[in-house]
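# Predicted model, plus sequence, below.
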Amino acid sequence: MTAIVLQYLPAGTDTAFLGIKQDYIAIPGYLAAFYVHVFTGILALPAGLTQFSGTLRKSYPGLHRAQGKFYVAAILGLAAPSGLYIGIFANGGPASQLAFVLLALLWFWTTLKAYTTIRAGNVRAHEAWMLRSFALTLSALTLRAWKWAIVGLFHPPPMDVYRIVAWLGWTLNLAIAEYLIFKKQRP
Amino acid sequence: MTRISTVLLLSIGLAACGGNASKPLVQGASTEKKPSKPKGPYIPEVRAGYEGYYTGLFEAADGSGGHDNNRISVRIDSARDGKVWGTSIVAGNERPFTGKAEDVGGRISITAQEPGTDKWDGTFLMALDGDTLSGRWDAFDKGLPVPARTYRLAKRAFRYDPSATFNDEVFEGFMIATYAESTDKGERLSEKVLELNPSKVLLKSRDVENLYKSDLELLRNSIYARHGYSFRNVRMRRFFDHYVDWYMPVSTDVTAQLTPIEQKNIALLKRYEGHATKYYDSFGR
């Protein structure tokens, strides 16, 4: 994932994904939003390594809080709003545009809820919302993994693959998160 | 300044022509407007009666060619006083030849040599009977993989036809032409290649974003093929040489002939081809 992000350095208008976004790069703010999304979105991923560990949370509560604030700020301030903006111009037409817009809105909302619940001292709700939020964060990886697997197995035309993974990339993650929450918080 | 120099030029012209007012005026005008270079491949002037293009397969004399037999076009450029000048265009290689032509009872017998400065140069021994030019070709270098070839070419005028497209046979033909031993597979095309004509319609991202790399490559090269480009790319050469009836090679550089629509479509298709090559089956978008 780091390699995928690093290919955009130095920032150009023609690199990788942008190569097939030439109709959009002239739209005011598109390129800026794209780069903001790429470089801040990746900051949210490392949270998964530390934040769900019970021992780390107990031994270093300060680290948990600092890392958590960083995660929330990166998503709410930068990665989700920029994702929403570029999602409006997603390749593949209304089907994938809706998928990415919805993903951005849910990402923002679940992360916001995770923050407000812990500020209110509700650890149980915070844990559930964080699981949802991080499931959506992980779509950065799962979307690409699905694409790789589907192309390898069935070789569909490229934009068909894109429409499929635009949905598959995060809905399944969210379903798994709901299942984990259900299992964990069962009375 | 331009006006002054034109007037000056005209007056000089007038003086030189001794008072014939109409001629220098025309001359003056023609110095300002350069006549545009004629578009399209070279079409020889017909004098001896058999100048023009002859096209067909250039087959290995030992019968080993199969798909590697390329389509050749032989162009008779000029013939007079028992001499003949021409050009052969095959596999992205355009070579001049000169030789002797002899009329033997209505059949024209030609012996001609390519310059010998290219690895693939050789000698043509041809007989022209009506509209059929047949014979053999022997390489100067006997060490070449295929040192001798035979051919039976039909006379055919070249015409750029932007409407020339593919039919249902394209799918099987492309699969055979692109067969690779390493994968034991040929490349599949999607039905869309029958609908899109990049020589006539300006394509948009939406038209090409769901195409396979092979589709994109075929569409882009169809532009060059319509202009009679002789392909160096083996896969494209096999395909167009063997499976496209309207195709004939007439040139190794058609860039000057491309229309503005074609130029834009080439750029778009190439962009998507590049993306497909790098990213279609990789972890990424």
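Structure's in. What do you need?

# what about residue 72, helix or strand, and which?
You didn't pick a chain, so chain A it is. helix A:61-73 (DSSP states H and E).

# My question was about chain B, not that one.
Following DSSP H and E, one finds residue B:72 within strand B:70-80.

# So which residues of the chain form strands?
Since you didn't name a chain, this refers to chain A. Along chain A, no stretch is classed among the strands by DSSP state E.

# think we crossed wires, I meant chain B
Applying DSSP E to chain B gives strands spanning B:52-60, B:70-80, B:83-90, B:93-104, B:107-113, B:122-129, B:132-139, B:148-155.

# coming back round to it: from the chain's centroid, how far away is the helix holding residue A:72?
17 Å (C-alpha atoms, centre = their mean, to the nearest Å).

# who touches that helix?
With C-beta atoms under 8 Å, 6 or more residues apart in numbering or on different chains as the contact definition, helix A:61-73 has outside contacts at A:43-44, A:46-47, A:50-51, A:56-57, A:111-112, A:114-115, A:118. C-beta here means a position set from N, CA and C on the backbone, and glycine is covered the same way.

# so what's the residue in chain B positioned nearest to chain A up against?
Closest approach of chain B to chain A (C-beta to the nearest C-beta) occurs at residue B:210, with a separation of 3.7 Å. When contacts are counted by C-beta under 8 Å, 6+ apart, residue B:210 touches A:157, A:158, A:159, A:160, B:192.

# Now for the first one: which residues touch it?
Going back to what we said before, that points to residue A:157. B:190, B:210, B:211, B:212.

# how about the residues of the stretch 151-285 of chain B near chain A?
For the stretch 151-285 of chain B, the residues in contact with chain A (C-beta under 8 Å from any C-beta of the partner chain) are B:188, B:190, B:204-205, B:209-212, B:271-272, B:274-276, B:278-285.

# Please flag which of those sit within helices.
Among these, the ones falling in helices (DSSP state H) are B:205, B:271, B:272, B:274, B:275, B:276, B:278, B:279.

# Residue 128: neighbour count?
I went with chain A, as the question did not name one. Residues lying near residue A:128 (other C-beta atoms under 10 Å in any protein chain shown) number 22.

# that's the other chain; I wanted chain B
Residue B:128: 24 neighbours (other C-beta under 10 Å).

# With residue B:150 instead?
Residues near residue B:150, counting by other C-beta under 10 Å, number 18.

# who does it bridge with?
As for beta bridges, residue B:150 partners with residue B:59, residue B:136 under DSSP bridges.

# what about the nearest residue to residue A:36 once chain neighbours are set aside, distance to chain B?
Of all residues not flanking residue A:36 in the chain, residue A:82 sits nearest, at 4.2 Å (C-beta to C-beta, 6 or more residues apart in numbering or on different chains). Distance, residue A:82 to chain B, using C-beta to the nearest C-beta, to the nearest Å: 16 Å.

# what residues are up against residue A:82?
Contact analysis of residue A:82 by C-beta under 8 Å, 6+ apart lists A:33, A:34, A:36, A:37, A:40.

# so what's the last one closest to, chain neighbours aside?
Taking C-beta to C-beta, 6+ apart as the measure, residue A:40 lies nearest to residue A:78, with 4.0 Å between them; neighbours along the chain are not counted.

# That neighbour reaches residue A:44, doesn't it?
No. The criterion here is C-beta atoms under 8 Å, and residue A:78 misses it with residue A:44 at 9.7 Å.

# So the two - more neighbours on which side?
residue A:44 (25 against 18).

# OK, contacts around that one?
Neighbour list for residue A:44: A:71, A:74, A:75, A:79, A:137 [criterion: C-beta under 8 Å, 6+ apart].

# can we see that at 10 Å?
A:70-75, A:78-80, A:107, A:111, A:133-134, A:136-138, A:140 (C-beta atoms under 10 Å, 6 or more residues apart in numbering or on different chains).

# Tell me which residue is most central in chain A.
Closest to where the C-alpha atoms of chain A average out (C-alpha atoms, centre = their mean) is residue A:137, at 3.1 Å.

# For residue A:81, see how far away that residue is.
15 Å (C-beta to C-beta, to the nearest Å).

# Flag every residue of chain A that's near chain B.
A:1, A:3-4, A:7, A:14, A:16-24, A:91-93, A:141, A:143-145, A:147-152, A:155-163, A:165 (C-beta under 10 Å from any C-beta of the partner chain).
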